[in-house]
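In: next comes the sequence, and after it the predicted model I'd like to discuss.
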Amino acid sequence: MPQSNQLASKAANVVAGAAVGAFTALALSSQPRWLLESGHPRAIFTETDPISQIPSEADVVVIGGGIAGISTALFLNEYGLRTVVFEKGFVGGESSSRNFGWVYSNGFHEDKLPLAVDAKNIWTGLANRFGFDVSVRQGGNLQLASNEEELEAQRAWQREASQRFPKDIDAKILRASELDELIPRASAKYIGALHQPSDGSAEPTHAVPLIAKGARAEGVKVFAPVAVRAVETEGGAVHSVVTEHGEVRTKRVVVAGGAWSRLFLGNLGINLPQQNITSNVIRVKGGTAHQGAGHGGGVAWREQIDGSYSIGVTPHPIPVTWDSFRVLPDFMPALRQLLKNPLNSPLTIRVGSDLLQSMRTNRRWRNDEITEFERVRMLTAKPLMRAGDRAVAATREFFPALADARIIERWAGVIDATPDYTSVISEVPAMPGLFINTGHGAQGFALGPGAGRLAAQLVAEQAPLVDPEPFRLSRFSDGQPLLLREFL
Ligand SMILES: Cc1cc2nc3c(=O)[nH]c(=O)nc-3n(C[C@H](O)[C@H](O)[C@H](O)COP(=O)(O)OP(=O)(O)OC[C@H]3O[C@@H](n4cnc5c(N)ncnc54)[C@H](O)[C@@H]3O)c2cc1C
């Protein structure tokens with residue numbers, strides 16, 4: 001081809017590429033964003049330490065003031081380590097105050113069950129430990145079975161779990177007639193249920209701020225709003241953290257950053273495969289139904305302390321971001337499972353303007369630069385209006401006692417999931433002194449105190465009460481096949 005034709009053809013390609021790019025950007029920007037920023041915390045206010053008192057040195061720095069970070073700090077302090085928590089927004093402001101509030105071990109996968117059992121024991125002991133109520137109630141957890149196959153799986157779980165933890169698991173199989181006593185007319189649709197009376201809930205709006213109050217009374221320092229920008233190393237090991245208010249020397253750091261952990265660790269050259277999933281809750285008031293928590297047949301509920309009910313909404317949209325493509329190889333087994341039966345999956349993939357927004361996110365930064373953690377103090381998600389209304393209609397139908405209940409609140413939040421829907425509670429082999437406590441998926445509120453104790457035991461080199469093996473970071477890179485566990 002003559003040179004002038006080649007130039008003309010290249011120019012045409014550039015123009016066509018730019019046109020496609022502009023069209024795609026326009027199409028994406030007109031789509032909804034699923035991940036949103038918020039200035040309105042759901043969590044109650046809790047006092048924190050004055051920023052002027054940030055120490056120049058600490059035994060351990062914990063990044064993130066959610067259930068994972070605050071619980072980790074509580075136990076680190078118990079083990080005699082001077083512990084500082086930095087929270088970029090509000091204590092408990094993100095996922096930990098936007099969740100559904102189930103505190104349970106009913107039906108947990110066998111690998112996660114020891115952590116769930118330990119966590120529940122901690123939850124139920126907090127009021128005694130602190131001398132004040134942190135909003136835990138043991139109203140029971142009910143998982144309904146609509147056919148023999150489901151009921152048989154529940155029987156097998158109940159047998160094994162109660163043999164393994166005879167003191168802690170009090171789950172029973174309920175027959176249809178016993179079910180009717182808890183939920184009038186339930187036997188018309190369900191043949192039985194797995195019921196664990198000692199399970200229950202805590203109020204997401206109150207629990208973490210109150211645990212933070214207790215932890216501070218025991219000696220933990222909590223600073224907010226203070227974003228941590230980076231971890232500095234010396235000879236490859238942790239040497240300090242850099243916050244927006246200066247440096248703190250420490251040899252041990254725990255990253256408990258929830259949905260932000262992948263971004264934070266990525267800047268340190270550490271790959272944590274993590275995908276954010278959004279999730280919705282509706283609160284209704286008026287009428288008394290089952291006075292505990294449970295789910296079945298597309299309805300999930302929890303009675304709150306004030307007598308209103310939280311209702312779970314499906315599906316849970318997975319917003320596609322730039323990072324979704326980078327973690328796609330890790331998430332292939334989970335994606336295959338979703339695509340096998342998309343109409344019955346609780347998850348759904350959504351392409352919206354999050355993709356465009358995420359392309360603008362800075363993934364590498366210098367310590368003197370303002371970071372994404374300072375720009376977005378609190379991450380939330382878009383409430384699904386129509387799906388929410390459907391969930392309320394289904395709940396009203398299932399619980400005649402709630403037929404006249406009215407919607408008083410809708411909210412959404414972000415669930416940070418790993419490729420096997422299992423937490424990462426682990427030291428980072430490539431950076432001595434760096435630990436992770438994150439990726440708790442849809443069960444992190446229940447698991448939080450146990451995850452905190454385990455992380456603290458790893459940091460303090462104490463014998464762990466729970467086997468940390470299923471939670472190690474290296475499972476994503478050691479070539480072993482991943483065991484995909486339940487999302488919910
Ligand atoms: C709608 C919904 C329903 C759910 N229902 C349940 C349920 O019923 N039961 C259950 O067990 N789980 C449930 N979950 C999951 C549960 O809420 C989470 O797993 C859990 O709260 C995670 O806690 P976390 O501390 O890891 O994260 P978060 O609570 O998100 O806390 C992380 C904190 O780290 C801070 N942070 C991040 N980066 C930095 C930085 N660089 N510097 C300083 N601070 C930083 C953030 O601001 C944030 O406050 C639900 C979640 C949602 C969204």
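Out: On my side now, so go ahead. Because the structure is predicted, anything quoted here is derived from the model rather than measured.

In: give the contact list for the residue of the stretch 351-488 of the chain found nearest the ligand.
Out: Nearest residue of the stretch 351-488 of the chain to the ligand (Cβ to the nearest ligand atom) works out as Gly444 at 2.0 Å. (Glycine included, C-beta is placed from N, CA and C.) Residues in contact with Gly444 (Cβ atoms under 8 Å, 6 or more residues apart in numbering) are 67-68, 95-96, 99, 415-416, 423, 451.

In: make it 7 Å
Out: 67-68, 95 (Cβ atoms under 7 Å, 6 or more residues apart in numbering).

In: for it, what is the enclosing helix or strand?
Out: Following DSSP states H and E, one finds Gly444 within helix 444-459.

In: any regions of the protein where pLDDT drops low?
Out: Along the chain, the parts satisfying pLDDT under 70 run over 1-12, 14-24.

In: could you rerun that using 90?
Out: Applying pLDDT under 90 to the chain flags residues 1-32, 39-40, 177, 181-189, 296-298, 343-344, 400, 480-481, 486-488.

In: the domain parsing of it - what is it?
Out: According to automatic domain parsing, the chain comprises the domains 51-140+198-476, 141-197.

In: so how far is the last one off the chain centroid?
Out: Here domain 141-197 shows a centroid-to-chain-centroid distance of 26 Å under the convention Cα atoms, centre = their mean, to the nearest Å.

In: how about stretch 377-392?
Out: The chain centroid and the centroid of stretch 377-392 are separated by 16 Å under Cα atoms, centre = their mean.

In: and stretch 106-114, anywhere near the ligand?
Out: No - Stretch 106-114 is not in contact with the ligand by Cβ under 6 Å from any ligand atom; minimum separation 10.2 Å.

In: and that stretch, which residues are buried?
Out: With burial defined by 16 or more other Cβ atoms under 10 Å, the residues of stretch 106-114 counted as buried are 106-109, 112-114.

In: how about the residues of the stretch 251-400 of the chain near the ligand?
Out: 256-260, 264, 279, 281, 373.

In: how about a cut-off of 8 Å?
Out: Residues of the stretch 251-400 of the chain that fall close to the ligand, judged by Cβ under 8 Å from any ligand atom: 255-261, 263-264, 278-281, 293, 302, 312, 371, 373, 377-379, 381.

In: what about stretch 270-280, start to end distance?
Out: Taking Cα to Cα, to the nearest Å, the first and last residues of stretch 270-280 lie 31 Å apart.

In: quick one: contacts of it?
Out: 34-35, 259, 261-262, 265, 313, 316-319, 324, 327, 330-331, 347, 381-384, 387-388, 412-419, 424, 428, 430-431, 436, 439, 476.

In: can you get me a residue count around Gln163?
Out: Neighbour count of Gln163, defined by other Cβ atoms under 10 Å: 9.

In: cool, the one 3 residues further on as well?
Out: Neighbourhood size, Pro166 [other Cβ under 10 Å]: 9.

In: and for Lys340?
Out: As a burial measure, Lys340 scores 9 neighbours (other Cβ under 10 Å).

In: that one and Leu484, how far apart?
Out: Note on Lys340: its distance to Leu484, by Cβ to Cβ, to the nearest Å, is 12 Å.

In: same thing with Arg33?
Out: In this structure, Arg33 lies at 28 Å from Leu484, with Cβ to Cβ as the measure.

In: do the same with Ala212
Out: The gap separating Ala212 from Leu484 is 34 Å, by Cβ to Cβ.

In: which one of these two has more residues nearby?
Out: A side-by-side neighbour count of Ala212 and Leu484, using other Cβ under 10 Å, places Ala212 first with 29 against 16.

In: and that one, that's in a strand?
Out: No - if the criterion is DSSP: H, G, I helix; E, B strand; the rest coil, then Ala212 is helix and not within a strand.

In: which residues does Val85 bridge with?
Out: For Val85, the beta-bridge partners under DSSP bridges are Val62, Val222.

In: does Gln154 lie in a helix or a strand, and which?
Out: helix 148-164.

In: elements contacting that helix?
Out: Helices and strands touching helix 148-164, by 3 or more Cβ pairs under 7 Å, 6 or more residues apart in numbering; DSSP states H and E, are strand 141-145, strand 172-175, strand 192-196.

In: in CSV, list the C-alpha atoms belonging to it.
Out: C-alpha atoms of helix 148-164 as CSV (Å, rounded to 0.1, in the frame of the first residue of the first chain):
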residue,chain,number,x,y,z
GLU,A,148,-37.0,-34.1,51.3
GLU,A,149,-33.6,-33.6,49.7
GLU,A,150,-33.1,-30.2,51.5
LEU,A,151,-34.3,-31.7,54.8
GLU,A,152,-32.0,-34.6,54.5
ALA,A,153,-29.0,-32.3,53.9
GLN,A,154,-30.1,-30.4,57.0
ARG,A,155,-30.3,-33.6,59.0
ALA,A,156,-26.7,-34.6,57.9
TRP,A,157,-25.4,-31.1,58.9
GLN,A,158,-27.2,-31.2,62.3
ARG,A,159,-25.8,-34.7,63.1
GLU,A,160,-22.2,-33.8,62.2
ALA,A,161,-22.1,-30.3,63.7
SER,A,162,-23.6,-31.4,67.0
GLN,A,163,-21.2,-34.3,67.3
ARG,A,164,-18.3,-31.9,66.6
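
In: relative to strand 192-196, how tilted is it?
Out: Orientation check (axes from the mean of the first three to the mean of the last three Cα atoms, to 10 degrees): helix 148-164 against strand 192-196 gives 20 degrees.

In: residues contacting helix 148-164, please?
Out: 107, 113, 143, 145, 169, 171, 173, 191-192, 194.

In: just the strands in the stretch 151-300 of the chain please.
Out: With strands called from DSSP state E, counting those that start in this stretch, the stretch 151-300 of the chain shows them at 172-175, 192-196, 200-201, 221-223, 228-234, 237-243, 246-249, 252-255, 275-285, 293-296, 299-303.

In: with distance to Arg129 and mean neighbour count added, can I get those in TSV?
Out: Shown next, in TSV, are those (distance: least, Cβ to Cβ, whole Å; neighbours: other Cβ atoms under 10 Å):
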stretch	distance to Arg129	mean neighbour count
strand 172-175	29	16
strand 192-196	23	25
strand 200-201	18	26
strand 221-223	17	22
strand 228-234	28	18
strand 237-243	28	19
strand 246-249	27	16
strand 252-255	21	26
strand 275-285	28	23
strand 293-296	23	23
strand 299-303	24	23
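
In: among the ones you listed, which comes closest to Arg82?
Out: Between Arg82 and those, the shortest separation by Cβ to Cβ is 8.0 Å, and it involves strand 221-223.

In: and that closest one with the ligand, contact?
Out: No - Strand 221-223 lies out of reach of the ligand by Cβ under 8 Å from any ligand atom, never closer than 9.1 Å.

In: neighbours around Ser56, how many?
Out: Neighbours of Ser56 (other Cβ under 10 Å): 9.

In: Asp118 reaches Asp467, doesn't it?
Out: No - between Asp118 and Asp467 there is no contact under Cβ atoms under 7 Å: 11.0 Å.

In: is the ligand contacted by stretch 179-196?
Out: No - using Cβ under 8 Å from any ligand atom, stretch 179-196 never reaches the ligand; the gap is at least 14.1 Å.

In: which residues sit against that stretch?
Out: By Cβ under 7 Å, 6+ apart, the list of residues contacting stretch 179-196 from outside reads 104-107, 140-147, 151, 154, 157-158, 170-177, 290, 296-297, 400.
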